[in-house]
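*Asks:* structure for this input, please:
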Amino acid sequence: MIANRKEIFVKDKIRESFLNVINNRIERGKSSLIIGSYGCGKTGLLRQIKPKKRVAWVNSVQPVHLILANILDQLGRKVNARNLQNKGLYLDMVMEQHFVMLIDEANDLRPEFYPYLKRIMDSGSPAVMAGLDDGKRNIEAYLSENVPDIHSRFRILKLKSVGSEDLKASMTRFEPDAIDVLYGAAGGNLRIFQDLCDDCADKAVEIKSEKVTVAIAVIFV
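*Replies:* Alright, predicted model coming up:
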């Protein structure tokens, strides 16, 4: 039966190339920005980054003092996260570390965080960010217009949606036709596609089916 599901990640040539670029830049202390539309797999790509350096994930919706405190916490330095007056001290402590910042949903970062981000990057800790370039929510355009000095530090990697054929090689527990049905229903959005796959996998377990069949897929589309 189908079990131990995990987030879908497609290892096509483009994504493999992007991972190589990102990892090579990390080793040189340089930063990268992954951009793309909703559901194209930016978060999945970000989670595949496995640098030799320590990693700290940035919660993009938090205020500056909490971002800095949480980075320190992930790096084993406990601080009083409630004290928003300690931003300068926290920044100094963060700049003493050698690590990689991973930032998902970069469009949500508050403008006041960018001066801190610049100083952290310049101290030798690179960032890998992922954000939207869809319509009005365009992270690259925002950086270029508002913080060009930070924009210039990033290698821009534009991620496009994958096709159903790219998914079939790694999704061996799904019948190929079932993948086509689910992908079509999701409109190419990997986030929606993932949810549909999870529903189908649960149904397959329930009816003791070894694979997700077309008959199962059509129940959820």
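*Asks:* would you mind finding the longest strand in the chain?
*Replies:* The strand that spans the most residues within the chain, counting by DSSP state E, is strand 127-134.
*Asks:* need the residues that contact that one.
*Replies:* Outside of strand 127-134, the residues within contact range by Cβ atoms under 8 Å, 6 or more residues apart in numbering are 22, 26, 31-38, 42-43, 45-46, 49, 100-107, 117, 120-121, 137-141, 154, 158. Glycine gets a C-beta too; all of them are placed from N, C-alpha and C.
*Asks:* buried residues, that strand. List them.
*Replies:* Using 16 or more other Cβ atoms under 10 Å as the burial criterion, the residues of strand 127-134 that qualify are 127-133.
*Asks:* dump those residues to CSV, plus distance to Gly184 and pLDDT.
*Replies:* Below are the buried residues of strand 127-134 laid out as CSV (distance: Cβ to Cβ, whole Å; pLDDT from 0 to 100):
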residue, distance to Gly184, pLDDT
Ala127, 36, 98
Val128, 32, 98
Met129, 31, 98
Ala130, 26, 97
Gly131, 27, 97
Leu132, 23, 94
Asp133, 24, 90
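*Asks:* who are the packing partners of the lowest-mean-pLDDT helix or strand in the chain?
*Replies:* The weakest-scoring helix or strand in the chain, judged by mean pLDDT, DSSP states H and E, is helix 164-168 (a mean of 83). Helices and strands touching helix 164-168, by 3 or more Cβ pairs under 8 Å, 6 or more residues apart in numbering; DSSP states H and E, are helix 176-186.
*Asks:* so what touches the helix it packs on?
*Replies:* Outside helix 176-186, the residues that touch it by Cβ under 8 Å, 6+ apart are 39, 163-164, 167-168, 171, 174, 192-193, 196-197, 200, 211-214, 216-218, 220-221.
*Asks:* report the buried members of the residues you listed.
*Replies:* 39, 164, 167-168, 171, 174, 192-193, 196-197, 200, 212-213, 216-217, 220.
*Asks:* Three-state assignment for Phe193, please.
*Replies:* Secondary structure, DSSP: H, G, I helix; E, B strand; the rest coil: Phe193 is helix.
*Asks:* pLDDT value on it, please?
*Replies:* Phe193 is assigned a pLDDT of 90 by the prediction.
*Asks:* switch to numbering from 41
*Replies:* All set: I'll call the first residue 41, so the last point we hit is now Phe233.
*Asks:* need the pLDDT of the nearest residue to it once chain neighbours are set aside.
*Replies:* Nearest non-adjacent residue to Phe233, counting by Cβ to Cβ, 6 or more residues apart in numbering: Ala226, 3.8 Å away. pLDDT for Ala226: 91.
*Asks:* the helix or strand containing Lys127 - what's its average pLDDT?
*Replies:* Using DSSP states H and E, Lys127 sits in helix 127-135. Mean pLDDT, computed over helix 127-135, is 95.
*Asks:* pull it out as PDB, backbone CA atoms only.
*Replies:* Backbone C-alpha positions of helix 127-135 (Å, rounded to 0.1, in the frame of the first residue of the first chain) are rendered in PDB as follows:
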ATOM      1  CA  LYS A 127      18.300  44.300  17.200                       C
ATOM      2  CA  GLY A 128      21.700  45.900  17.000                       C
ATOM      3  CA  LEU A 129      23.200  43.300  19.500                       C
ATOM      4  CA  TYR A 130      21.400  40.400  17.700                       C
ATOM      5  CA  LEU A 131      22.700  41.600  14.400                       C
ATOM      6  CA  ASP A 132      26.300  41.700  15.700                       C
ATOM      7  CA  MET A 133      25.900  38.200  17.000                       C
ATOM      8  CA  VAL A 134      24.400  36.900  13.700                       C
ATOM      9  CA  MET A 135      27.200  38.500  11.700                       C
END
